[in-house]
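[1] Here is a sequence with its predicted model. Questions after.
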Amino acid sequence: MSKFLCSQVVVALMTTLASASLYAEDSVTAFEFDRPGQAISPTVAPKGHLAWEQALPSMSYDRKKIDGQTYTQLNIQGDVLLRAGIGHDTELRLGWDGPMWKREKLAQQKRETDGVGDVRIGVKKAIDLNDEASKWAVLAQVQLAVGDDGFSEPEDIYTLGSTYSYQFSSDITTGITMLYDYQDGDLAVTAIPNIQYPIAGNVTGFSEYVLRKKEHHGVESVIQTGLSWLMLDRLQFDGVVGYSLSERNPDFNAGLGVSYLF
């Protein structure tokens with residue numbers, strides 16, 4: 001897909017997202033933001049409401065040896081996700097990797113580059129399990145490889161996903177997100193078991209384990225933990241840190257974010 005055509009799609013989606021507020025419903029008590037972490041919430045944005053989830057920013061850091069010399073790479077980006085409720089059980093999702101900056105250093109040589117990342121378009125549908133403790137949703141998404149060179153995937157990625165959570169007790173919620181990606185003939189599976197637990201007041205902690213296996217590649221795994229602070233009923237601040245257990249991922253990742261439900 002060309003960048004011009006992609007821009008037209010994004011404009012059309014933004015129009016849909018903005019017009020959704022004309023049909024807003026008031027019940028937002030069961031809504032959960034996707035931030036922080038990589039696990040996806042099984043709830044959808046209430047019909048007619050728009051959720052804005054913004055990194056402030058996200059970053060990753062990698063350090064390794066190349067031919068006996070130390071190589072480091074620092075990435076910073078301002079990714080964003082918009083979720084619009086288009087039905088009582090369905091949301092439209094528009095994500096963008098955002099502006100990105102990268103600094104690479106090999107021995108005494110240093111290089112800095114910047115650009116913009118890819119766009120994601122998807123739909124998530126909540127499934128009614130007739131169980132107050134259980135929540136389940138399914139996801140269909142495409143990642144359009146329209147970012148700048150060095151900040152984009154080589155080909156589009158098509159994703160089907162499922163996310164489930166269970167209210168284990170009044171304080172503890174467990175869940176798992178499963179994602180199935182197809183890219184240029186290769187399949188990849190990602191499993192993200194996660195747990196949420198109270199810290200104090202409106203501050204909640206979470207931990208998750210991201211396990212990914214792509215055809216013809218080794219297993220990738222990341223451990224992440226963080227906090228979310230529901231400052232107001234519709235305003236959340238968050239922070240996350242993560243550590244990679246595999247060489248294919250950056251050694252460390254971290255980020256701050258803010259989310260608001262309009």
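    All right, it came through fine.

[2] In what element of secondary structure is the closest residue in space to Asp118 that isn't next to it in sequence found?
    Spatially, and ignoring its direct neighbours in sequence, Asp118 is nearest to Gly147 (4.5 Å; Cβ to Cβ, 6 or more residues apart in numbering). For the C-beta atoms, the positions are set from N, CA and C on the backbone; glycine is no exception. Taking DSSP states H and E as the definition, one finds Gly147 inside no helix or strand.

[3] Counting neighbours, what do you get for Gly147?
    Neighbours of Gly147 under the rule other Cβ atoms under 10 Å: 20.

[4] Surely Lys65 and Tyr71 touch.
    Yes. Between Lys65 and Tyr71 a contact is recorded at 7.0 Å, counting by Cβ atoms under 8 Å.

[5] residues near Ser152, how many?
    Ser152 - counted by other Cβ under 10 Å - has 19 other residues nearby.

[6] so where does it fall, helix or strand?
    Counting by DSSP H and E, Ser152 is found in no helix or strand.

[7] Roughly how far does it sit from His216?
    21 Å (Cβ to Cβ, to the nearest Å).

[8] cool, Gly185 as well?
    For Gly185, the distance to His216 - Cβ to Cβ - is 10 Å.

[9] repeat for Thr190
    According to Cβ to Cβ, Thr190 and His216 sit 16 Å apart.

[10] Of the two, which one has the most company?
    Thr190 (18 against 5).

[11] In contact with the more buried one, which residues are there?
    Going by Cβ atoms under 8 Å, 6 or more residues apart in numbering, Thr190 touches 177-181, 210-213.

[12] Scan the residues you listed and report the most crowded one.
    That'd be Thr177 among the contacts of Thr190, by other Cβ under 10 Å, with 25 neighbours.

[13] Contacts only, for that residue.
    38-40, 161-164, 190-192, 194.

[14] In its sheet, which strands sit next to the helix or strand encompassing it, and in what direction?
    Under the criterion DSSP H and E, the helix or strand holding Thr177 is strand 173-183. Sheet pairing for strand 173-183, assigned by DSSP bridges, gives strand 157-167 (antiparallel), strand 186-200 (antiparallel).

[15] export these to TSV and tack on distance to Arg120?
    Shown next, in TSV, are these (distance: least, Cβ to Cβ, whole Å):
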stretch	distance to Arg120
strand 157-167	9
strand 186-200	15
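
[16] Pick the most deeply packed of these.
    Greatest average neighbour count among the strands paired with strand 173-183 goes to strand 157-167 (a mean of 18), per mean count of other Cβ atoms under 10 Å.
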